[in-house]
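Enquirer: Starting from these lines, generate the structure:
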Amino acid sequence: MTSGGPAGDELVDIVDEHDNVVDTVSRRVMRAGRLRHRAVYIAVQNSEGRLFVHQRSFDKDVRPGAWDIAVGGVVGAGESYDVAAVRELEEEIGITGVVLTPWGGGVFGDESYELIGRCYHLVHDGPFTFDDGEVIDHQWLNRGELQQLLRHGDVVHDSIALLLERLVVVE
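Expert: I've put the predicted structure just below:
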């Protein structure tokens, strides 16, 4: 999520267990307090059914350098999930003018963060651009390659928890 200022200064809505906004704080305060917030996850597959995975920048505030099976991120203050998903697609991989398929959502929490997420799906063959620096590498994976990454790679846990059971990846 970019806003023209430092990432830690971005405003984020804090939500209760029913997804009602209870406060608005900076991203820095949200991270420091492990406060429940909203996030979006977009699974991108090509027309052959391979899954787009990407390596996160080492500048990310959570899981720097890890591989992620979803494009996405934190929903900004006052922003809807749908708007955030479209924004994240444009920021992270340069995709605009597409219609996303809603894929439900869920909750996630670990020692680092707690969130309510909404999931989406997109079939797109690229090309992609990585202008904001959040993505430093990417691959298209089939099911076996994805399983290898999940067994042996450093992979973002919330994306796995919220998206993996929804995915059908080609052999």
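
Enquirer: Pull the contacting residues for the residue nearest the centre of the chain.
Expert: Residue closest to the mean C-alpha point of the chain, counted by Cα atoms, centre = their mean, is residue 72 at 2.6 Å. For residue 72, the contacting residues are 39-42, 84-85, 88, 92, 159, by Cβ atoms under 8 Å, 6 or more residues apart in numbering. Using the backbone N, CA and C atoms, a C-beta is placed for each residue, glycine as well.

Enquirer: Which element, helix or strand, includes it?
Expert: Following DSSP states H and E, one finds residue 72 within strand 71-74.

Enquirer: Give me the number of neighbouring residues for residue 89.
Expert: Look at residue 89: counted by other Cβ atoms under 10 Å, it has 24 neighbours.

Enquirer: what's the nearest residue to residue 110 if we skip its chain neighbours?
Expert: residue 157 (6.2 Å; Cβ to Cβ, 6 or more residues apart in numbering).

Enquirer: how about the contacts of residue 72, which pair is most distant?
Expert: For the contacts of residue 72, with distances taken as Cβ to Cβ, the pair at the greatest spread is 84 and 159 (15.0 Å).

Enquirer: more neighbours, those two?
Expert: Between residue 84 and residue 159, counted using other Cβ under 10 Å, residue 159 has the larger neighbour count: 25 against 21.

Enquirer: Tell me the pLDDT of the more buried one.
Expert: Residue 159 carries a pLDDT value of 95.

Enquirer: and what of residue 133?
Expert: 86.

Enquirer: likewise residue 4?
Expert: 42.

Enquirer: Can you check which helix is longest in this protein?
Expert: helix 81-93 (DSSP state H).

Enquirer: helix or strand right after that helix?
Expert: Counting by DSSP H and E, what follows helix 81-93 is strand 101-109.

Enquirer: what helices or strands is the very next helix or strand once past that following strand leaning on?
Expert: Next helix or strand after strand 101-109 toward the C-terminus (DSSP H and E): strand 114-123. Strand 114-123 makes packing contacts with strand 37-45, helix 81-93, strand 101-109, helix 157-163 when contacts are defined by 3 or more Cβ pairs under 8 Å, 6 or more residues apart in numbering; DSSP states H and E.
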